[in-house]
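Asker: Okay, predicted coordinates and the sequence, questions at the end:
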Amino acid sequence: MPERIKITFLGTSDAIPSSERNHTSILLRYKEENILIDCGEGTQRQFRKADLNPGKITKILITHWHGDHILGLPGLFQSLASSGYKKTLHVYGPKGTKKAIEDILRIFVFAKEYKIEIKEVDGKFFETENFYLSSEKMTHSIPCNGYVFVEKGQIRIDKNKLKKERIPNGPLLGELKKGKDIVHNSKKYLAKKLTFKEEDKKISFILDTSLNRQIIPFVKNSDLLICESTFSEDLKDIAKEHSHLTSRQAAEIAKRSNSKKLVLTHLSQRYEKDKSKILNEAKKVFKNSIIAEDLKSFEVE
């Protein structure tokens, strides 16, 4: 069975939080990885509310350095130090990230015994046998990245065919998983006849950007597209002025990129009492749209 990818929304507001929505932060969990995308003010408290352990964080992906996306970092860094965090914390972001974090560590003085490794990224920047992470430049008022997490489709063995051919468990299965043909009882078996390739699983994060030509090819074929939708379509001129997207634009991106599901986030507080306008506009273009809610989790298989 494929590994589950778990997404928890820790904050879903725009620049000004509301009583129901914290500043932006999303946690992706996969195997031993706990990847935090942005860290708005109050993020570490949202971890507690969601019954999650911030000490398990392995990587932080910063989309950009506006306050509502990073003001939780000083407190998180300090809390990790106070709770005995010993791992190397890997932080990735756009141009300017290294200096910004160095400034945080200079201004907020605390003793820490863990290492922070900082990289400014553009393109694929991390890869294992099971998944990779990639970034793409977005268009905002300051340097800004979008991110994708891709679980690589694995070669799986068709157990029914193995049983039919009476091929036992053992070293031969390892060869099949590598895509190699095998010989059993003097008979050759083609790997392609006994195995199948799973599809990749792709989660895309597009937070704070104006509409641009990079988005659709970058998020193409996403199983889950998490996209900012700060404004409704009637405020598209204001959205453009502030380098943001409307809910309709987010839906058009989902449709044109052949994404399977769209999650709208980074909503302006003006829609807090009635989010139906945002959702309905998106659904008219892309039916499988939902609105993210703080502390809500779901899984992608």
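Answerer: Arrived safely. On a predicted model such as this, the values are computed, not experimentally measured, just so you know.
Asker: Now Gly40: closest residue in space that isn't a chain neighbour?
Answerer: Spatial nearest neighbour of Gly40, excluding adjacent residues (Cβ to Cβ, 6 or more residues apart in numbering): His23 at 2.5 Å. In this view, the C-beta of every residue, glycine as well, is placed from N, C-alpha and C.
Asker: Secondary structure element holding the one you found?
Answerer: Assignment of secondary structure by DSSP states H and E places His23 within no helix or strand.
Asker: Count the neighbours of it for me.
Answerer: Using other Cβ atoms under 10 Å, His23 has 27 neighbouring residues.
Asker: again, but for Gln214
Answerer: A count of neighbours around Gln214, defined by other Cβ under 10 Å, yields 14.
Asker: got the contact list for it?
Answerer: By Cβ atoms under 8 Å, 6 or more residues apart in numbering, Gln214 lies in contact with 136-139, 146.
Asker: for the protein, which spans come out with low pLDDT?
Answerer: Applying pLDDT under 70 to the chain flags residues 1-2.
Asker: Quickly list the domain ranges of it.
Answerer: What automatic domain parsing lists as the domains of the chain is 5-154+198-300, 155-195.
Asker: right, so the ones you listed: which one is the most enclosed?
Answerer: Comparing those by mean neighbour count (mean count of other Cβ atoms under 10 Å), domain 5-154+198-300 comes out on top with a mean of 19.
Asker: What is the end-to-end distance of that domain?
Answerer: With Cα to Cα, to the nearest Å as the measure, domain 5-154+198-300 spans 5 Å from end to end.
Asker: ok, back up a step: how near is the residue nearest to Gly40 to Glu102?
Answerer: According to Cβ to Cβ, to the nearest Å, His23 and Glu102 sit 22 Å apart.
Asker: what's the answer for Arg156, then?
Answerer: When distance is defined by Cβ to Cβ, Arg156 is 45 Å away from Glu102.
Asker: same deal with Phe218?
Answerer: Distance, Phe218 to Glu102, using Cβ to Cβ: 29 Å.
Asker: all helices for the protein, in order.
Answerer: Under the criterion DSSP state H, the chain contains helices at 43-49, 67-70, 73-82, 97-107, 159-165, 171-177, 191-194, 215-219, 236-241, 247-256, 276-285.
Asker: Make TSV out of those helices and add distance to Lys59.
Answerer: Compiled in TSV, these are given as follows (distance: least, Cβ to Cβ, whole Å):
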stretch	distance to Lys59
helix 43-49	14
helix 67-70	15
helix 73-82	13
helix 97-107	13
helix 159-165	34
helix 171-177	27
helix 191-194	34
helix 215-219	19
helix 236-241	30
helix 247-256	25
helix 276-285	29
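Asker: Could you name whichever residue is most remote from the centre of the protein?
Answerer: Distance from the centre of the chain peaks at Ser186, with 48.0 Å (Cα atoms, centre = their mean).
Asker: mind listing what His66 touches?
Answerer: Counting by Cβ under 8 Å, 6+ apart, His66 touches 15, 142, 208.
Asker: let's see it at 6 Å
Answerer: Not one residue lies near His66 by Cβ atoms under 6 Å, 6 or more residues apart in numbering.
Asker: What are the phi and psi values at it?
Answerer: phi -80, psi 150 (degrees, to the nearest 10).
Asker: Tell me the spacing between it and Leu245.
Answerer: From His66 to Leu245 the distance is 15 Å (Cβ to Cβ).
Asker: Likewise for Gly42?
Answerer: For Gly42, the distance to Leu245 - Cβ to Cβ - is 24 Å.
Asker: circling back: I'd guessed the residue nearest to Gly40 sits against Pro17; true?
Answerer: Yes: with contact defined as Cβ atoms under 6 Å, His23 reaches Pro17; the gap is 5.4 Å.
Asker: Show me the strands in the stretch 101-250 of the chain, by range?
Answerer: All strands of the stretch 101-250 of the chain, identified by DSSP state E, counting those that start in this stretch, fall at 116-120, 123-127, 131-137, 145-151, 155-157, 182-184, 187-189, 195-197, 201-206, 224-228.
Asker: Compute the inter-axis angle for the fourth one and strand 224-228.
Answerer: Counting by axes from the mean of the first three to the mean of the last three Cα atoms, to 10 degrees, strand 145-151 points 170 degrees away from the direction of strand 224-228.
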